[in-house]
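*Asks:* structure for this input, please:
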Amino acid sequence: MVHNNSILSLPIKKRVKFYFNMIKFNNLRFVRLIGIFAITLITFTSCVQEADIKIVDPEVKATFDAELEAVLDLMEDDSSLALEKLDDLIADAESIESRYYSGSAKWYKAYIYDEIIGDVSEAYRHYNEALKDVLQTDDSSLKVQIYNNLGILYRFYGEYDRAISNYEAALKLKDDLSVRQLSDLYYNYGVALKLKGDDSSFTKAEQAFTQSLEHAKQIEYNSNIASVNNQIGLMYKAISNYEMARIAYENTIKTYVGDPDMHEYVGKAYHGIGVTYMEEKNADAAIRAFAKALEYKRNSGSVFITKYDLGTILLREERSKEAIAVWKEALKEKHDKNSVEQVQIYSDLTSALKSNNQYEEALVYSQIYNTNIQDIIQEDDKYKSKSDQILFANVVNEYDAFNQTVPFFSRPSVILVMSLVTIVLVYLLLVVYYRSRSRKEVTEVVSKIQTEFLDIKVD
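*Replies:* Coordinates of the predicted model:
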């Protein structure tokens, strides 16, 4: 047994050195165990994780970039050939283990299926496959684009919570994004929150739109500034705060009324103001606003919507002849006969004509309405309106189910558990080994320490 009074008699410098050596000895075996444990953990973690990220030779990189650029030029004219080339690129990228290029090619495939072919199932699958690859790279920009595309897809089919989750995942990478990218991302995030519609989401949507505006103003991103103002107007209209909605729309008008390139947005703002007055049953103000909207709108599809709403308010004011004339003009504009909302004009026109005793003409429009409605009902396998949410949910569930059907021992969770069990077993074996060792080493080290400092007996 070491007597503390003998140690205390040592000079401070020697006393500190004595204590340090004792601590070092007492912790020696523990430190060894911890070191071996850490090495084992690192080794198993390295085995579990997939190897990435390969440095691509500059010449190979240039070739991939050129081929991806060629696919961009080709996809609008010949989507089938573009898909074949992308399959070849994916194979080449996987052969050199480049997650970035395989992910990029899969993302292009998803875009073709989404925007050109219209196959939502394939688009959804390839977006997710692209994301798996890109998550193993350090390219934030491509990750954000894929998250954004998935968010738009989810949002379009009413999966607002999933859309929001994707936008929030993208926002975690905001430090690596440009001001323009941030403005777009916050805009899409705000739209998804607005569409979700609960009080908490409404507050978050306001914050997201504010962020989008702030970033857009930094670079004079005019189309986004106007779009955000109009979205804020729609948001306030949805909760019947028509005065605040009009303020948002008027911000667009005041800012861009003198810019011919922005007149489409000015027209949409006037249309939004007209709708708020319709809701308040202020017919004269609504009619004036719709008339102003038509002065600025250039897009045919957008003009159709304004003329349809203008005819609706005229009919409410018992100005059926004017309403009929406006609706007939609206039908000359581009409109979607696969949209229940837009096909409704034929039914409204039929009723207005009947009220004016124009039965023969009313019959013509009635037949057009019935034909289009039947077509919409029969084409329930296509992705339209609210029924599409169910169909898209099936796509999501099928993909999730397929990706969960993997061999038991290949599942990441199983691999992780097996690794941890192995590490614990190794640790326990080491503990047993060191505990079984003789105390000879202890005696020798203590004796050495005693000899170095002072003559202290050990009991």
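*Asks:* pLDDT below threshold where in the protein?
*Replies:* Within the chain, the ranges that satisfy pLDDT under 70 run 1-57, 338, 376-417, 419, 427-459.
*Asks:* is residue 333 in a helix, a strand, or coil?
*Replies:* Per DSSP: H, G, I helix; E, B strand; the rest coil, the local secondary structure of residue 333 is coil.
*Asks:* which ones are touching it?
*Replies:* Neighbour list for residue 333: 300, 301, 303, 304, 307 [criterion: Cβ atoms under 8 Å, 6 or more residues apart in numbering]. For the C-beta atoms, the positions are set from N, CA and C on the backbone; glycine is no exception.
*Asks:* these two touch, right, the first one and residue 331?
*Replies:* No. With the criterion set as Cβ atoms under 8 Å, residue 300 and residue 331 do not qualify as a contacting pair; they are 11.4 Å apart.
*Asks:* list only buried entries from the contacts of residue 333.
*Replies:* For the contacts of residue 333, a burial check counting by 16 or more other Cβ atoms under 10 Å picks out 303, 304, 307.
*Asks:* could you dump those to JSON lines with distance to residue 90 and secondary structure?
*Replies:* Formatted as JSON lines, the buried ones among the contacts of residue 333 follow (distance: Cβ to Cβ, whole Å; DSSP: H, G, I helix; E, B strand; the rest coil):
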{"residue": "303", "distance to residue 90": "43", "secondary structure": "helix"}
{"residue": "304", "distance to residue 90": "42", "secondary structure": "helix"}
{"residue": "307", "distance to residue 90": "47", "secondary structure": "helix"}
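*Asks:* and of these, the nearest to residue 348?
*Replies:* Taking Cβ to Cβ as the measure, residue 348 sits nearest to residue 307 out of these, at 12.0 Å.
*Asks:* wait, which of the contacts of residue 333 is closest to residue 98?
*Replies:* Of all the contacts of residue 333, residue 301 has the smallest distance to residue 98: 41.7 Å, by Cβ to Cβ.
*Asks:* buried ones in stretch 90-107?
*Replies:* Neighbour-count burial for stretch 90-107, counted by 16+ other Cβ under 10 Å, picks out 90, 92-93, 98-107.
*Asks:* output stretch 287-305 as CSV, restricted to C-alpha atoms.
*Replies:* Output of stretch 287-305 as CSV, limited to C-alpha atoms (Å, rounded to 0.1, in the frame of the first residue of the first chain):
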residue,chain,number,x,y,z
ILE,A,287,-66.1,43.5,-64.2
ARG,A,288,-63.7,46.5,-64.3
ALA,A,289,-60.8,44.4,-63.0
PHE,A,290,-61.4,41.6,-65.5
ALA,A,291,-61.5,44.1,-68.3
LYS,A,292,-58.1,45.5,-67.2
ALA,A,293,-56.8,42.0,-67.0
LEU,A,294,-57.7,41.4,-70.7
GLU,A,295,-55.8,44.5,-71.6
TYR,A,296,-52.6,43.0,-70.4
LYS,A,297,-52.9,39.3,-70.8
ARG,A,298,-51.2,37.7,-73.7
ASN,A,299,-51.3,34.0,-73.0
SER,A,300,-54.3,32.4,-74.7
GLY,A,301,-55.0,29.9,-72.0
SER,A,302,-54.9,32.6,-69.4
VAL,A,303,-57.2,34.8,-71.4
PHE,A,304,-59.7,32.0,-71.6
ILE,A,305,-59.9,31.9,-67.8
